[in-house]
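Q: got a predicted model here, sequence first, then my questions.
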Amino acid sequence: MERLSITTHLMAILTAFSAFTMPIALDVLNRIRDRYGSSHYMKVIENIMGFKVHLLFRELIVTLASLILFSLFVALANPHYFTASLVLLFEYLFSFVVLFLLHKEYQFIKTVFKATRSDKLVTNHLISMISKPPIKNEHHSKEVELLIQIACYNIENAKISTTDSIQQRLFSLVNKSYSDEAGAIDADTAKMLISGLAVVLTSARNSNDRGLYITLQRCYAKHLIMFFDRKLKESSIFHGYSEEFYEECIKELGSDQYWLMKADFLISLRTWDIQSPQTIKFIDGIVRNLIDFSVKMKPELIPEIIDRYRNLIGFDSYFCEDLHKLPALFGDYNGKHFKEIVGLKAGYNEHLSSSPEKISEQFEELLSKHTIDAMAGAKSTEQIGKIEENAKIYARDMMQELIKDIAANAAKSTAQYAIRVLAAQNLWVHILDSHEIFSSASSNVQLLGVNILPSSLSSVIHELGEAHSISMRRSRELRSSYQKAVPLLLMYNLYCWRIKNPEKCLLEGVGNLASSFSVIGRTIMQINDTLSNMTLVRYFSKSPEYSTTLCNHFNISHETKSFHTGVIRMIDEITKRLNEELLNLIKNQPLSEELKRKYINEATTIPEDYVEIFPLLSKVTLVPEKQNPINVGLLQYPRKTFLDNTGVATIFFNREIIKAVHNSIAKKHLTTEGRPLKNLQVSELKDDDLLIVSNSDWHAWAKSQTQSALSSIKVHLVYTESSLGSYYIYNTASSLPLVRLYSEHNNLNDIDMHEHLRNAFEFKFEDKDGFVSILIKAHIYY
């Protein structure tokens with residue numbers, strides 16, 4: 001065995017090194033893996049080392065077995081054939097193998113102990129992995145899962161949080177993704193990171209580190225919303241992310257931290273960061289969910305939710321004002337598209353709530369037209385470049401103003417929704433707090449910015465009947481809730497007056513406020529709707545609960561009775577003003593030109609089967625000049641019938657007008673060209689003959705005829721007050737036209753019969769004494 005001294009040492013070294021170091025390293029590795037709860041941790045360590053641990057063990061065992069077998073072989077082999085130099089050669093070879101294995105063991109132990117000392121080795125490797133393009137659409141799900149688990153462990157166990165913490169590095173990766181920076185991770189991997197980072201919030205909440213939780217929830221919400229804004233254009237994804245966010249808010253109930261529930265995350269956002277109107281809908285949906293949840297569990301948070309939402313908006317938008325800069329944007333004034341600018345501005349408020357995308361599309365089209373016009377007059381490439389740059393800057397600024405307006409509109413609607421859900425639960429104190437949070441009644445400071453919950457008397461009353469994007473069933477419920485809230489809101493107006501006029505009589509304040517109530521711009525329909533609501537408002541105002549709640553809340557309980565009687569008188573004064581304005585509108589509002597046209601259209605509309613209904617008008621001769629017309633009659637309607645925005649859809653049944661004209665033509669022919677009815681024989685009627693006879697004559701004559709004879713007769717009845725005793729036969733195939741019709745067109749085929757008939761009628765609308773009289777003349781001659 002002296003020839004195997006090197007082999008013996010190799011076996012001893014390999015056995016000792018493996019026996020003492022490998023179990024310790026494996027135990028440490030298992031404890032780290034159990035700490036993070038991930039079976040993927042071992043695979044990451046192996047990727048860092050560049051080899052598999054189980055293969056290392058196999059190599060060690062195979063090498064040790066080979067050394068043992070080599071020793072046995074040398075002991076049994078003939079020294080003359082297997083010489084000492086040959087043994088030495090093999091030992092040198094085994095030495096290199098053992099050195100290679102020892103190096104791998106060293107790498108394994110070093111990697112494990114580095115991972116024990118700090119998680120940066122693993123996290124750096126994982127981040128480098130997810131920064132690479134995914135393979136086979138796997139999107140690095142295991143790597144993301146382990147990163148989140150490490151982040152959660154560190155948050156729950158770390159004493160302080162640093163700027164280079166793993167969660168901040170993950171947020172940075174998401175930021176690069178939606179900012180389209182170089183080396184950014186792909187969007188699907190970023191989506192998994194955002195979903196996983198929601199779990200980090202739970203760990204931060206459990207750590208009881210208030211500052212860390214506030215920072216993380218703001219970061220999470222900001223990057224979630226900005227990722228949605230820049231990368232996820234599909235509205236269907238909104239619901240999934242909204243639900244995840246909502247679930248994270250619910251988890252706060254078990255703690256004393258309600259930062260998500262009171263929408264603190266909105267502090268980290270500004271409207272000028274947002275590019276898509278769809279994102280406003282996403283944010284608004286989250287806020288409404290928070291309101292619905294908080295009103296049941298933590299209603300005292302709702303005033304803060306409203307205030308955070310207001311902070312997101314900041315200041316008023318100047319989209320409409322800045323729109324008029326467009327014609328002169330590129331130097332010389334361009335008025336070619338002024339009407340389109342006026343049209344965009346006219347429909348702005350309507351589209352702002354229903355379809356803001358239309359505003360964006362119309363604006364982009366207008367900007368494109370002005371840019372093309374400006375480029376057509378450019379004389380150099382430098383001018384073209386300047387025009388493009390100015391257009392780009394202007395488009396960016398205008399989109400920011402549009403987003404601001406969309407957000408303000410959504411926030412105002414949601415704030416009013418919050419008042420309604422609070423009122424539904426009779427949470428009157430929180431309604432007062434919601435109005436006080438922006439501009440306190442006792443403060444002389446006038447805050448700048450958008451007030452998404454105005455409390456003026458006019459705004460409170462005008463809100464009656466507004467739905468604020470609520471479903472039909474929910475709208476009915478919350479309409480009643482707002483009616484219940486109005487007495488309290490009117491009292492709050494009265495309190496705001498009282499706090500500035502403590503020495504005056506409260507009834508004086510009632511008069512001042514009622515006189516300040518404005519109905520300018522309100523339509524008949526809106527006033528009627530408000531009046532119908534005011535009946536219930538007055539009923540609810542009789543309850544002493546409102547005055548008791550308000551006076552106790554503001555510590556003025558000595559005026560409880562005065563506020564109670566004062567608000568009832570205020571409601572009566574407002575109702576009186578509304579009735580006066582309603583009468584004024586019905587009396588003085590201009591008649592609707594559209595309703596006039598509708599009346600004329602329906603009066604002159606001929607049904608498709610008019611040949612059968614009005615056979616004498618089936619053939620007409622056109623005349624170019626007007627003659628003595630037929631006076632159809634003078635019809636009267638209440639003035640309100642022809643007013644816009646009444647909330648009543650008017651349908652005019654005017655076929656009787658043409659029927660009266662046709663009846664007059666038929667009656668004229670019966671009296672002037674008719675034959676005695678007693679001479680009428682069924683046999684003289686041909687297939688194309690149409691028998692024209694009065695209704696009373698027909699019924700008398702038909703009694704003497706058989707049923708089979710009557711069924712073969714084509715008859716048109718003329719309704720008269722008395723019997724005429726005559727009949728007239730009109731041959732529908734060969735008879736010449738009986739009627740001459742005035743028309744501006746000489747050819748019957750130039751326009752359809754409807755237009756010819758419209759030209760033949762004159763309508764004169766006379767507005768007098770609360771009625772609209774319509775004088776109708778028909779230029780139809782016979």
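A: Yep, that arrived.
Q: chain neighbours aside, what residue packs nearest to residue 678?
A: Excluding its sequence neighbours, the residue lying closest to residue 678 (CB to CB, 6 or more residues apart in numbering) is residue 725, at 7.8 Å. All C-beta spots, glycine's among them, are computed from the backbone N, C-alpha and C.
Q: does the one you found touch residue 679 like I think?
A: No - applying CB atoms under 8 Å as the test, residue 725 and residue 679 come out as separate, 10.6 Å apart.
Q: those two - which one has more neighbours?
A: residue 725 (17 against 9; other CB atoms under 10 Å).
Q: tell me who's in contact with the more buried one.
A: Listed by CB atoms under 8 Å, 6 or more residues apart in numbering, the contact set of residue 725 reads 676-678, 697.
Q: now do the phi/psi pair for it.
A: Note on residue 725: its backbone torsions stand at phi 70, psi 20 [degrees, to the nearest 10].
Q: same deal with residue 628?
A: The phi/psi pair for residue 628 (degrees, to the nearest 10) is phi -70, psi 120.
Q: count the residues that sit near it.
A: 8.
Q: how far away is it from residue 741?
A: Shown here: residue 628 relative to residue 741, a distance of 14 Å by CB to CB, to the nearest Å.
Q: one more: residue 719?
A: 23 Å.
Q: which of those two has more neighbours?
A: residue 741 (21 against 12).
Q: low-scoring pLDDT stretches of the stretch 301-450 of the chain, where are they?
A: Where the stretch 301-450 of the chain drops to pLDDT under 70, the residues are 442-448.
Q: for residue 259, which non-adjacent residue is closest in space?
A: Spatial nearest neighbour of residue 259, excluding adjacent residues (CB to CB, 6+ apart): residue 217 at 5.2 Å.
Q: please, which helix or strand holds that neighbour?
A: For residue 217, the element it lies in under DSSP states H and E is helix 210-231.
Q: likewise residue 410?
A: helix 381-424.
Q: all strands for the stretch 651-782 of the chain, in order.
A: Taking DSSP state E, counting those that start in this stretch, the strands of the stretch 651-782 of the chain run over residues 675-676, 689-694, 715-718, 726-731, 739-742, 761-768, 771-778, 780-781.
Q: any chance of TSV for the ones you listed, columns distance to residue 441 and mean pLDDT?
A: Below are the strands of the stretch 651-782 of the chain laid out as TSV (distance: least, CB to CB, whole Å; pLDDT from 0 to 100):
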stretch	distance to residue 441	mean pLDDT
strand 675-676	90	86
strand 689-694	79	84
strand 715-718	76	84
strand 726-731	82	85
strand 739-742	70	82
strand 761-768	47	89
strand 771-778	48	89
strand 780-781	71	84
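Q: residue 152 is nearest to which of the ones you listed?
A: strand 771-778 (75.0 Å; CB to CB).
Q: give me the contacts around that closest one.
A: Taking CB under 8 Å, 6+ apart as the rule, strand 771-778 contacts 591, 599, 603, 629-639, 641-642, 657, 661, 760-766.
Q: off-centre distance for that strand?
A: 47 Å (CA atoms, centre = their mean, to the nearest Å).
Q: neighbouring strands for that strand, and are they parallel or not?
A: The strands beside strand 771-778 in its sheet (DSSP bridges) come out as strand 630-638 (antiparallel), strand 761-768 (antiparallel).
Q: and residue 689, which of those is closest to it?
A: If you check each of the strands paired with strand 771-778 against residue 689 by CB to CB, strand 630-638 wins as the nearest, at 26.4 Å.
Q: now do the end-to-end distance for stretch 702-709.
A: 9 Å (CA to CA, to the nearest Å).
Q: same question but for stretch 767-774, I mixed them up
A: OK, stretch 767-774 end separation, CA to CA: 9 Å.
Q: go on, stretch 123-143?
A: 9 Å.
Q: list the buried residues in it.
A: 123, 126-127, 129-131, 134, 139-140, 142-143 (16 or more other CB atoms under 10 Å).
Q: repeat that for stretch 509-526.
A: 509-510, 513-514, 517, 519, 522-524, 526.
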